[in-house]
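Enquirer: sequence plus predicted model, see below.
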Amino acid sequence: MSDSLRPVTRPRLYEQVMAQLREHVEGAGLKAGDRLPSERDLAERLQVSRASIKQAIVVLEVQGLVESRHGGGVYLRTDTLNPEPVATLVDRRRRLPDVLDAREAIETKLAELAALRRTDDDLAEIHAALEAMGTEIEAGEFGEDGDRRFHAAVTAAAHSALLAEFMKEIRAGVAESRHESLQQPDRPPRSLTQHRRIADAIRAQDATAAAAAMKEHLETVSRVRLLTWNPDA
């Protein structure tokens, strides 16, 4: 008979610190742009080491919830502080490199083919996606829906049924990589600029430039805080 009872695990100390910070943000009514107490202050008030405070802040940074400014403290990037469980982050960190490899392999080719095969209708949808992403960013959002539309439009413009099917197979991972990338500070406008470069190459029917621009863009997408985080540190 299998035993469903397993040893009870205790939360890591920095996870307990994160829970305390969430309560502090809620209790103090802090909002995006507000500054958290200093590491020294938090360590004294919570009676933990500054190393534990640093670990908690890093995990919150990985999730795009706070931003550390050199010499200027830690600031909220959202109105609430509701971090994901560390186990969820660890699992996503494990999956992400494979997804990024697949995106580079498939989407670089898709951009190349789109430049060769695009129609006027394809160009119109690519332009509409760029406009939508720009509108989202101007409204202070990450531009995730516009980003999704843009890459879907490039995929459609390639007119390759099999490559489109491959993209469907990894769409959940693509969505995760999109969110990870666009939550990086100052990333949304940079991604939009790179999208426009890809679109220009597709419009000009320059397959080599389109592939190169897509590769450069996906290299940027791969530079996310999550992949620099060592959960065992």
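Expert: Thanks, I have it.
Enquirer: buried set for the longest helix seen in the chain?
Expert: If you go by DSSP state H, the chain has its longest helix at helix 86-117. Residues of helix 86-117 classed as buried by neighbour count (16 or more other Cβ atoms under 10 Å): 86, 89, 92-93, 96, 99-100, 102-104, 106-115. Quick note: C-beta positions are derived from backbone N, CA and C, even for glycine.
Enquirer: would you list the phi and psi of the residue nearest the centre of the chain?
Expert: Nearest to the mean C-alpha position of the chain, counting by Cα atoms, centre = their mean, stands Glu180 at 1.3 Å. Backbone dihedrals for Glu180, given as degrees, to the nearest 10, come out at phi -60, psi -40.
Enquirer: so what's the closest residue to it other than its chain neighbours up against?
Expert: Nearest non-adjacent residue to Glu180, counting by Cβ to Cβ, 6 or more residues apart in numbering: Val224, 4.5 Å away. Counting by Cβ atoms under 8 Å, 6 or more residues apart in numbering, Val224 touches 96, 177, 180-181, 184.
Enquirer: ok, 7 Å please
Expert: 180-181, 184 (Cβ atoms under 7 Å, 6 or more residues apart in numbering).
Enquirer: do Lys215 as well
Expert: Per Cβ under 7 Å, 6+ apart, neighbours of Lys215: 104, 108.
Enquirer: assign it to helix, strand or coil.
Expert: Here Lys215 is helix, with the state taken from DSSP: H, G, I helix; E, B strand; the rest coil.
Enquirer: per-residue pLDDT, it?
Expert: Looking at Lys215, its pLDDT reads 98.
Enquirer: next one: His70
Expert: 76.
Enquirer: can you give me the helices in this protein?
Expert: Per DSSP H, the chain carries helices over the ranges 13-28, 39-46, 50-62, 86-117, 120-138, 144-158, 161-169, 171-182, 187-203, 207-221.
Enquirer: so which bits of stretch 129-142 are buried?
Expert: Quick answer for stretch 129-142 (16+ other Cβ under 10 Å): 129-130, 132-134, 136-137, 142.
Enquirer: next: stretch 38-45.
Expert: 39, 42-43.
Enquirer: ok so, going back, for Thr228, find the nearest of the helices of the chain.
Expert: For Thr228, the closest of these is helix 50-62, at 8.4 Å, according to Cβ to Cβ.
Enquirer: who does the closest one touch, helix- and strand-wise?
Expert: Contacts defined by 3 or more Cβ pairs under 7 Å, 6 or more residues apart in numbering; DSSP states H and E place helix 50-62 against helix 13-28, helix 39-46, strand 66-69.
Enquirer: run the last query once more with 8 Å
Expert: The contact analysis (3 or more Cβ pairs under 8 Å, 6 or more residues apart in numbering; DSSP states H and E) places helix 50-62 against helix 13-28, helix 39-46, strand 66-69, helix 86-117.
Enquirer: who does the shortest one pair up with?
Expert: Counting by DSSP bridges, the strands paired with strand 66-69 are strand 73-76 (antiparallel).
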